[in-house]
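**Student:** Next input, structure requested:
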Amino acid sequence: MVRVRFEVGDALNQALEEAIAKKKLYEENQLTVRRNKLTGAVRAILRQCQPESTFAATCSTVLHTSPEYRSLKVFLKDQSLWDAEMEKMDAATDLIAL
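**Tutor:** Residues are numbered from 1 along each chain as shown. Below is the predicted model:
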């Protein structure tokens, strides 16, 4: 059980690193396709941590303690790319984080 939780956290950290890479590409050149890849990556991360997901509490805890996630969230808000759907998913994950 502990190993599975570790693997969930590790997979989430990898997804966050990939999202940070997409953020850097978007910062270099704000193309629509790069914006969509970035916001899609963040949405996918948030979906993984929803209450109905397996190991949601573990995933949510890793998410909300991650400096990378906080950085992504601030950036998306500053760029007006953080939308109501993301806010709703973020709030749901925050409620179940340990």
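
**Student:** C-alpha only now, for contacts and for neighbours.
**Tutor:** OK.

**Student:** The longest helix anywhere in the chain: which residues count as buried?
**Tutor:** Determined from DSSP state H, the single longest helix within the chain is helix 2-28. By 16 or more other Cα atoms under 10 Å, the buried positions in helix 2-28 come out as 5, 8-9, 12-13, 15-16, 19-20, 22-23, 25-26.

**Student:** and that helix, how far from the chain's centre?
**Tutor:** Its chain's C-alpha centre and that of helix 2-28 lie 8 Å apart, by Cα atoms, centre = their mean, to the nearest Å.

**Student:** For whatever helix or strand comes next after it, C-alpha coordinates in CSV please.
**Tutor:** Scanning forward in sequence from helix 2-28 by DSSP states H and E, the next helix or strand is helix 32-48. C-alpha atoms of helix 32-48 as CSV (Å, rounded to 0.1, in the frame of the first residue of the first chain):
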residue,chain,number,x,y,z
THR,A,32,-2.3,29.2,-28.6
VAL,A,33,-1.2,25.7,-29.1
ARG,A,34,1.3,26.1,-26.2
ARG,A,35,-1.3,27.7,-24.0
ASN,A,36,-3.7,24.8,-24.7
LYS,A,37,-1.1,22.2,-23.9
LEU,A,38,-0.2,24.0,-20.6
THR,A,39,-3.8,24.4,-19.4
GLY,A,40,-4.6,20.8,-20.6
ALA,A,41,-1.7,19.5,-18.5
VAL,A,42,-2.9,21.3,-15.4
ARG,A,43,-6.5,20.2,-15.9
ALA,A,44,-5.3,16.6,-16.3
ILE,A,45,-3.3,16.9,-13.0
LEU,A,46,-6.3,18.3,-11.2
ARG,A,47,-8.5,15.5,-12.6
GLN,A,48,-6.1,12.9,-11.2
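
**Student:** now helix 32-48: mean pLDDT?
**Tutor:** The average of the pLDDT scores along helix 32-48 is 97.

**Student:** Can you pull out the residues in contact with that helix?
**Tutor:** 12, 15-16, 18-19, 22-23, 25-26, 56, 59, 81, 86, 89-90, 93 (Cα atoms under 8 Å, 6 or more residues apart in numbering).

**Student:** If anything else comes up later, I'll come back, but that's it for now.
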